[in-house]
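sequence and predicted structure, then a few things I'm wondering about:
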Amino acid sequence: MKKKIAILGSTGSIGKQTLEIIKKNKKNFRIILLSTNKNINEITKQIKAFRPKYLIITNYEKFEYFKKKNKKLKIYNNYKCFKKIFPKKIDYVMSSISGFTGLQPTLEVIKHTKLIAIANKESIICGWNLINIELRKNKTKFVPIDSEHFSIWSLADNNYENIDEIFITASGGPFLNKERKNLVNVKPFQAIKHPRWKMGKKISIDSATMVNKIFEIIEASKIFNISTKKIKILSHPNSYVHAILKFKNGLSKILIHDTSMKIPIFNSLYLEKTLKTYPTKLNIKKLNSLDLNTVSIKQFPVLDLIKYFYSKKNTLLETVLVSANDELVDLFLKKKIKFLDISKYLKATLNLKEFKKLRSKKPNNLVQITKLNKYVRLKTRSLCVRSNDNA
Ligand SMILES: NC(=O)c1ccc[n+]([C@@H]2O[C@H](COP(=O)([O-])OP(=O)(O)OC[C@H]3O[C@@H](n4cnc5c(N)ncnc54)[C@H](OP(=O)(O)O)[C@@H]3O)[C@@H](O)[C@H]2O)c1
């Protein structure tokens, strides 16, 4: 029987890679739902290639325009349609919308699928306690799609109590060996040019600032229920190793794979079937030059922010971090702030008295997190504006 698939954020980097894997074995998959914010060109190509049953286009203008031109297609403008379009659980959902916006659909789709693969790290960071409740309540399997978390998940093989320390790797982004003083005038096109990974703009900027590694430490801490103090970063420019697990029994395991998100995605799609082989060769040359090093806080001072996130439990401070960063990355991409302002204002926002209070407050529901997200974005923006006015 064909696996029924939905992809939230199908026009992005992860969404497109998921479809590329499916394309190689179309007879085993049926695409039920694809979604985009506003990329009409890409979704049009995807409709031709995969004939999805339903579409979601969240940008209202694009939705109206597209609907008028494609009267026969079943298109929705938001995620309220899940109950209607999924009368029974489908087999697989890829959650790959970027940023905080991914949280609501991720939470709402869990009850409609047997398995959810989550690439949208922001939703895990802000709402893991809520996601976890939904996963348990609905007996939905979960696979993390961030390469480091997929690696930890594979290596641990459900033996989480035996983990002593986790090491995740960082390619270092485009500015690994650059002095901070040389980053003052970095332009968006330079910051999104990642030396190893081809990713969406938002995560590429997060990699360049190293905020991505803070995200990943918090993400690992939530998923695997381990203190952030036990999760370390190692710089690793050739990006062959994704995670190292040191176990309490004296053994350590390393996971290597090519620098492609297609490998974690492939594995999540073929979880129950080992019939298919991923075409890859062991790269001995890379294995002989792993070059793993500790990362200096002096060079990436933003890493110091991890000290606010020692609790394994979810707090509302994670929403402050993600929301402020979403806003700052947007402002940088629109050339309203400078590259180094991202880490400067991120720290300033987290240190605001009203947000410090949230360091021990548990998120209770989506409405509360969403309200906070809007407020933090406004507050961060006004911090930047005030500071620019005073400059
Ligand atoms: N790319 C990677 O290699 C990678 C690796 C690990 C984890 N991740 C995580 O996976 C997620 C997706 O990353 P990506 O690189 O694939 O991002 P991306 O290329 O920017 O794609 C994002 C997708 O989300 C949609 N989207 C964006 N804003 C939206 C909104 N407001 N409402 C509805 N849909 C919206 C986009 O639609 P449009 O096309 O219309 O903008 C697109 O389909 C992120 O959370 C990222 O951190 C990515």
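Ah, there it is. Numbers count the residues shown, from 1 in each chain.

so Ile7, which of the three states?
Following DSSP: H, G, I helix; E, B strand; the rest coil, we place Ile7 in the strand state.

that one: neighbour count?
29 (other C-beta atoms under 10 Å). Yep, even glycine has a C-beta here, placed from its N, CA and C like the rest.

ditto for the one 3 residues further on
Residue crowding around Ser10 was assessed by other C-beta under 10 Å; the count is 28.

same question for Glu161.
So Glu161, with other C-beta under 10 Å, has 10 neighbours.

same question for Ser227.
There are 11 residues near Ser227, going by other C-beta under 10 Å.

so who does it touch?
Contacts for Ser227 (C-beta atoms under 8 Å, 6 or more residues apart in numbering) come out as Ser221, Tyr310, Lys312.

residues in the stretch 101-250 of the chain within reach of the ligand, list them.
Within reach of the ligand by C-beta under 6 Å from any ligand atom, the stretch 101-250 of the chain has these residues: 101-102, 119-122, 146, 197, 199-203.

make it 5 Å
Taking C-beta under 5 Å from any ligand atom as the contact definition, the stretch 101-250 of the chain meets the ligand at Thr101, Ala119, Asn120, Lys121, Asp146, Met199, Gly200, Ile203.

buried ones in stretch 35-44?
Across stretch 35-44, burial judged by 16 or more other C-beta atoms under 10 Å covers Ser35, Thr36, Asn37, Lys38, Asn39, Ile40, Glu42, Ile43.

over to stretch 376-391?
For stretch 376-391, by 16+ other C-beta under 10 Å, it's Val376, Arg377, Lys379, Thr380, Arg381, Leu383, Cys384.

the last one and the ligand, how far apart?
Same thing as Cys384. For Cys384, the distance to the ligand equals 21 Å [C-beta to the nearest ligand atom, to the nearest Å].

about what we covered before: tell me which of the residues of the stretch 101-250 of the chain next to the ligand is nearest to the ligand?
Gly200 (2.5 Å; C-beta to the nearest ligand atom).

check whether that closest one really touches Ser13, as I assumed.
Yes - using C-beta atoms under 8 Å, Gly200 is in contact with Ser13, at 4.7 Å.

circling back: tell me the most packed of the contacts of Ser227, by neighbour count.
Neighbour tally across these (other C-beta under 10 Å): the maximum, 25 neighbours, falls on Ser221.

what's the following helix or strand after the helix or strand hosting that one?
Assessed by DSSP states H and E, Ser221 sits inside helix 211-224. Counting by DSSP H and E, the next helix or strand C-terminal to helix 211-224 is strand 231-235.

neighbouring strands for the helix or strand following that following strand, and are they parallel or not?
Moving toward the C-terminus from strand 231-235, the next helix or strand (DSSP H and E) is strand 241-247. Partners of strand 241-247 in the sheet, by DSSP bridges, are strand 163-170 (antiparallel), strand 252-256 (antiparallel).

of these, flag the one that's most buried.
The highest mean neighbour count among the strands paired with strand 241-247, using mean count of other C-beta atoms under 10 Å, belongs to strand 163-170: a mean of 21.

which residues of the stretch 251-391 of the chain score low on pLDDT?
273-275, 388, 390-391 (pLDDT under 70).

doesn't Tyr375 belong to a strand?
No - according to three-state DSSP, Tyr375 belongs to no strand; its state is helix.

the closest residue to Lys201 other than its chain neighbours: what's it in contact with?
Spatially, and ignoring its direct neighbours in sequence, Lys201 is nearest to Ile192 (5.2 Å; C-beta to C-beta, 6 or more residues apart in numbering). Ile192 sits next to Lys201, Ser204, Ile205, Ala208 when contact means C-beta under 8 Å, 6+ apart.

could you list the domains of this protein?
The domain map for the chain lists 3-145, 315-391, with the assignment taken from automatic domain parsing.

now, the residues of the stretch 101-250 of the chain next to the ligand that are in helices?
The helices, defined by DSSP state H, take in Lys121, Ile203 from those.

pick the one among the residues of the stretch 101-250 of the chain next to the ligand closest to Asn138.
Of all these, Asn120 has the smallest distance to Asn138: 18.1 Å, by C-beta to C-beta.

can you list phi and psi of that closest one for me?
Phi and psi for Asn120, reported as degrees, to the nearest 10, are phi -70, psi 90.

neighbours around the residue nearest to it when sequence neighbours are not counted, how many?
What sits nearest to Asn120 in space, not counting adjacent residues and going by C-beta to C-beta, 6+ apart, is Gly102, at 3.4 Å. Neighbours of Gly102 under the rule other C-beta under 10 Å: 23.

same check on Ser296?
Ser296: 10 neighbours (other C-beta under 10 Å).

what does Gln104 give?
Counted with other C-beta under 10 Å, Gln104 comes out at 17.

per-residue pLDDT, it?
Reading off the confidence values, Gln104 has pLDDT 98.

and it, what does it touch?
Listed by C-beta under 8 Å, 6+ apart, the contact partners of Gln104 are Tyr79, Leu366, Thr370.
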